[in-house]
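Undergrad: Below: sequence and its predicted model.
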Amino acid sequence: MTIGDEFSELRELIEALLETRITDAEIERLEEILRSAPRFERFYLTYMTMQADLVREFSGRASSFPGLFATVGQAPRRPARSRRGRWLPWVGVGMTAACVAAACVAAACVATALSIGTWGRARRDRPQSPERPPMLVEAPRAGGEVGGEGIDEGGAPVAVVVDLIDAAWAGTGAAAPIEGRVLPAGRLQLLSGTATLAFVNGVMLTLEGPTDIDLISVDRVFSRRGRLRARVPKGAEGFVITSPTSAVVDLGTEFAMNVETDGRSRVMVFEGAAEAALLTDSGAPKRLQLVEKDKAFVLDPETGRINESPARADGFASAHALAGTDLDLASEYPSEVLRSAPVGYWRFESLVDGQVPNEVEGGEPLRAHGPITLSKGRSGNGWAVFGAGAPGQCFDTEELWELPGDPGHAVEFWAQLDSFSLASLVGFYAPGSSYMHSFLVEFRPWERTAMHKSASVKFLHRWPFDMKSTDAVFSESLYIPRRWHHVVVQKARDRLDLFFDGVRERAIRIEPGHPTVACHMVVGRRTPEVENPKDSRSLVGRIDELAVYDHPLTDEEVRRHFRLGRVVPRPD
């Protein structure tokens with residue numbers, strides 16, 4: 001059978017699964033094809049994700065049914081079985097034909113796409129030789145050398161280098177990792193020093209040299225040797241580090257893993273819990289161990305045992321405080337902004353009686369809610385700091401703001417996020433409904449089934465005020481955690497513009513005739529209401545030089561404002 005015939009057959013089997021008419025024999029054939037080569041499983045995942053995207057965008061149905069499948073990245077406690085009692089690890093943990101028949105097809109798409117079994121996938125991460133995992137052997141990467149071999153500079157973003165301390169890489173050159181560099185899948189060899197990577201799903205991974213790893217995907221790393229420490233935020237559970245003989249699956253935690261040259265691995269959990277496993281030659285788990293907070297274990301493939309060991313943090317990679325960057329503004333920056341005639345301009349240089357003054361004469365101050373603080377860089381420029389763990393933080397104003405339909409309106413600011421996360425920066429919402437935004441700017445995280453680019457800036461415009469009519473623009477560029485970015489979003493009559501770091505990245509046409517509307521303003525949250533903190537989309541980071549205009553800006557004004565700002569490393 002040719003590859004083309006096999007893809008055709010695979011497509012027919014997937015359609016039978018989606019239409020809930022698949023038979024037991026067809027399930028067996030589907031498993032057989034998916035096991036035969038990673039390219040078929042990748043096709044399967046892409047196809048199912050595409051179906052989920054379409055349903056999610058155009059029907060508004062829920063993206064998953066909790067309980068139908070195991071949590072992404074966790075080894076199943078009770079293996080999923082087909083109607084004949086057989087395991088279906090390749091079709092998806094907990095996603096059988098019976099489940100599909102019981103649930104709507106939309107949820108089935110997402111459940112199947114997201115729940116491929118973790119331990120089943122570990123087989124592909126293990127190398128056929130100790131040097132390279134099969135994924136990199138089957139699909140050699142083109143492009144420059146980044147600390148070793150195999151980085152594809154044209155591939156999808158996996159992580160960003162956010163901090164380096166005395167880092168020395170194998171294979172120096174123009175493509176060697178520097179702070180701010182975006183990394184696709186590929187190999188990294190850190191000879192010495194420390195490097196911290198921010199994965200686009202929010203995971204922070206620290207490497208201490210000498211370390212030799214492959215970035216497999218946004219939720220998976222293969223380690224040949226070295227010390228790694230991962231902090232996994234809520235929503236990114238299931239992050240996996242594998243080695244030639246072992247694997248660790250995050251269960252919502254901060255953990256460290258050492259892969260040693262003798263084949264043994266050591267694991268310690270600092271927060272939450274993780275599950276460690278010794279693997280067979282085929283990549284299946286032969287022994288599992290739950291690792292809880294302040295516990296450490298040694299995984300020894302020679303003896304086949306997982307033994308508890310003294311929990312000494314100094315034997316693992318250290319947690320480093322990340323410095324980030326300062327925003328250094330030219331002395332003429334404020335006057336240039338005022339020349340563009342904003343109706344509101346807040347510089348965050350002072351906070352008196354819970355208010356930030358408006359630089360526009362007679363303009364309203366911003367009212368602070370929650371434990372927001374102000375900080376200054378070496379140049380003396382100040383900004384507002386939104387810390388973690390306080391979702392009630394935000395700024396607002398007492399009066400309504402008029403957003404002119406003609407000639408339009410604009411918002412400008414500088415912002416820095418601590419990590420890739422979902423954060424609402426500035427929003428204007430209708431009176432009587434704090435969720436019905438006419439204007440909203442957000443930084444988006446990595447999203448497995450999103451149709452837009454991950455780790456991008458989103459500008460939403462809505463008229464009329466209902467949930468059915470929305471125009472949205474997404475940036476082409478990624479925002480980089482702990483780095484200041486300049487953002488301008490505006491409505492210019494029947495066009496939406498998004499400027500990112502001085503460049504007009506996207507513009508779309510919208511229906512003309514939008515009227516002038518009066519709205520409440522909120523900064524740092526999706527809504528000022530604190531009763532529902534889970535949906536707050538709170539900013540964890542910094543914001544500065546916020547300006548609101550009752551007219552759109554010109555391209556030259558945006559470029560001039562951006563060029564008057566300089567992002568500089570923050571001192572240790």
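TA: Done, it's in. Numbering: from 1, shown residues only.

Undergrad: Which SSE is immediately downstream of the worst-scoring helix or strand of the chain on mean pLDDT?
TA: One helix or strand of the chain scores below all others by mean pLDDT, DSSP states H and E: helix 134-138, with a mean of 26. Sequence order places strand 159-169 as the next helix or strand after helix 134-138, per DSSP states H and E.

Undergrad: Partner strands of that next one and their direction?
TA: If you go by DSSP bridges, strand 159-169 pairs up with strand 182-183 (antiparallel), strand 186-199 (antiparallel).

Undergrad: Now Tyr44, what are its backbone angles?
TA: Tyr44 adopts backbone torsions of phi -60, psi -50, taken as degrees, to the nearest 10.

Undergrad: How many residues are close by the closest residue to it other than its chain neighbours?
TA: Closest residue in space to Tyr44, ignoring its immediate chain neighbours: Leu34 at 6.0 Å, by Cβ to Cβ, 6 or more residues apart in numbering. In this view, the C-beta of every residue, glycine as well, is placed from N, C-alpha and C. For Leu34, the count of nearby residues is 23 (other Cβ atoms under 10 Å).

Undergrad: Against Leu45, how distant is Leu34?
TA: Distance of Leu34 to Leu45, computed by Cβ to Cβ, to the nearest Å: 10 Å.

Undergrad: cool, and Val567?
TA: Taking Cβ to Cβ as the measure, Val567 and Leu45 are separated by 37 Å.

Undergrad: same check, this time on Gly202
TA: Gly202 is 21 Å from Leu45, by Cβ to Cβ.

Undergrad: now swap in Leu205 and tell me
TA: Computed as Cβ to Cβ, the Leu205 to Leu45 distance reads 23 Å.

Undergrad: With His437 instead?
TA: As defined by Cβ to Cβ, His437 lies at a distance of 33 Å from Leu45.

Undergrad: More neighbours: these two, which one.
TA: Counted by other Cβ under 10 Å, His437 and Leu45 do not tie: His437 has more neighbours, with 24 against 17.

Undergrad: Show the pLDDT at that one.
TA: The score at His437 is 90. That number is its pLDDT.

Undergrad: go on, Gly324?
TA: For Gly324, the predicted pLDDT is 79.

Undergrad: which residue sits closest to it, ignoring its sequence neighbours?
TA: Nearest residue to Gly324, sequence neighbours excluded (Cβ to Cβ, 6+ apart): Arg482, at 3.7 Å.

Undergrad: Also Glu308?
TA: Once flanking residues are discounted, Glu308 sits nearest to Phe297: 5.5 Å by Cβ to Cβ, 6+ apart.

Undergrad: What's the per-residue pLDDT of that neighbour here?
TA: Note for Phe297: predicted pLDDT of 97.

Undergrad: hang on, isn't Gly524 packed against Gly392?
TA: No. With contact taken as Cβ atoms under 8 Å, Gly524 and Gly392 are classed as non-touching, separated by 9.9 Å.

Undergrad: Which one's more surrounded, these two?
TA: It is Gly524, of Gly524 and Gly392, that has more neighbours when counted by other Cβ under 10 Å, with 31 against 17.

Undergrad: ok, that one to Glu361 distance?
TA: Note on Gly524: its distance to Glu361, by Cβ to Cβ, is 25 Å.

Undergrad: same check, this time on Arg287
TA: Separation of Arg287 from Glu361 (Cβ to Cβ): 71 Å.

Undergrad: The two: which is more packed in?
TA: Neighbour tally, Arg287 and Glu361, criterion other Cβ under 10 Å: the higher count belongs to Arg287, 15 against 6.

Undergrad: In contact with Glu412, which residues?
TA: Shown in contact with Glu412 (Cβ atoms under 8 Å, 6 or more residues apart in numbering): Val337, Pro342, His486, Val487, Val488, Glu545, Leu546, Ala547, Tyr549, Leu553, Val558, His561.

Undergrad: The same query, at a cut-off of 6 Å, please.
TA: Val488, Ala547 (Cβ atoms under 6 Å, 6 or more residues apart in numbering).

Undergrad: Wasn't it part of a strand?
TA: Yes. Counting by DSSP: H, G, I helix; E, B strand; the rest coil, Glu412 falls inside a strand.

Undergrad: wait, is Ile306 part of a strand?
TA: Yes. Counting by three-state DSSP, one finds Ile306 located in a strand.

Undergrad: Asp328: how many residues sit nearby?
TA: Neighbour count for Asp328, taken as other Cβ under 10 Å: 17.

Undergrad: For Lys376, see how far away it is.
TA: Asp328 sits 11 Å away from Lys376, going by Cβ to Cβ.

Undergrad: Likewise for Arg220?
TA: Computed as Cβ to Cβ, the Arg220 to Lys376 distance reads 40 Å.

Undergrad: For the two, indicate the residue with more neighbours.
TA: Neighbour count, other Cβ under 10 Å: between Arg220 and Lys376, Arg220 has more, with 25 against 12.

Undergrad: after the helix or strand that Gly209 is a member of, next one along is what?
TA: For Gly209, the host element (DSSP H and E) is strand 204-217. Next along the chain after strand 204-217, taking DSSP H and E as the criterion, comes strand 220-231.

Undergrad: got a list of contacts for the next helix or strand after that next one?
TA: Next along the chain after strand 220-231, taking DSSP H and E as the criterion, comes strand 240-242. Strand 240-242 is contacted from outside by Ala122, Asp125, Arg220, Val221, Phe222, Ser223, Leu228, Val248, Val249, Met257, using Cβ under 6 Å, 6+ apart.

Undergrad: now those residues as CSV including pLDDT and distance to Ala423?
TA: Shown next, in CSV, are those (pLDDT from 0 to 100; distance: Cβ to Cβ, whole Å):
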residue, pLDDT, distance to Ala423
Ala122, 43, 33
Asp125, 46, 32
Arg220, 95, 25
Val221, 97, 25
Phe222, 97, 31
Ser223, 97, 31
Leu228, 98, 27
Val248, 96, 29
Val249, 94, 27
Met257, 98, 29
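
Undergrad: Now for these: which two are most distant?
TA: Pairwise distances across those (Cβ to Cβ) peak at 16.3 Å, for the pair Ala122 and Leu228.

Undergrad: Mind jotting down where the helices sit in this structure?
TA: Here the chain has its helices, by DSSP state H, at 3-18, 24-36, 38-58, 97-102, 105-114, 118-125, 134-138, 333-339, 555-563.
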